[in-house]
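Asks: Coordinates only, no sequence provided:
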């Protein structure tokens, strides 16, 4: 008989001729064995899946922690770059103002020599306001006259054999520092040894 007839015979409870059986009829035993084996296989599968999930979780956690640390480092670097760029911009602006300051100082000197009181007072006030505004942005004058010559701060353009050796005798152009950096060296005359 073919499989269809055997299946019908099993469903109706009829006996199947002996030569035609293809699978042994053992009742409920095969199902019980498979039921006992299935949980063991399923339990192993679950255990393996759980272990894999734990590994994946740990990998994702480590990846997230690295990404967070990288982002914090990026923020810190970016903040420093912005601060440096701002300081550079301020220094450039102050450098551009230095010729104006120099001219105002020359105007004050010329007015003092000629004795023009009204003009002198106006130029002095203008210079004072400009220097106060520049000071708020971080501009500082580099001390030079009477100081020990420092090549980090001063640019020696003349030498003289008078006075204490190594000291600045005369300042031709003032030097300035802005936000911790020299933006113009003082042009000076230095006493030689």
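Replies: That came through, no problem. Note that the structure is predicted; figures quoted are calculated from it, not measured.
Asks: Helix or strand: which one has the residue nearest to the spatial centre of the chain?
Replies: Geometric centre of the chain, nearest residue: residue 77, 1.3 Å, by C-alpha atoms, centre = their mean. Using DSSP states H and E, residue 77 sits within helix 29-114.
Asks: by contact count, what packs against the following helix or strand past that helix?
Replies: Note on helix 29-114: by DSSP H and E, the next helix or strand toward the C-terminus is helix 117-136. Under the contact criterion of 3 or more C-beta pairs under 8 Å, 6 or more residues apart in numbering; DSSP states H and E, helix 117-136 touches helix 29-114. Every C-beta, even on glycine, is put in place using the N, C-alpha and C of the backbone.
Asks: give the contact list for residue 154.
Replies: For residue 154, the contacting residues are 142, 144, 147, 168, 175, 185, 186, 187, 188, 190, by C-beta atoms under 8 Å, 6 or more residues apart in numbering.
Asks: Report the spatially closest residue to the second one, excluding sequence-adjacent ones.
Replies: The shortest distance from residue 144 to any non-neighbouring residue, by C-beta to C-beta, 6 or more residues apart in numbering, is to residue 186 (4.1 Å).
Asks: isn't the one you found right up against residue 173?
Replies: Yes - between residue 186 and residue 173 a contact is recorded at 6.7 Å, counting by C-beta atoms under 8 Å.
Asks: So the two - more neighbours on which side?
Replies: A count of neighbours by other C-beta atoms under 10 Å puts residue 186 above the other of residue 186 and residue 173, at 25 against 16.
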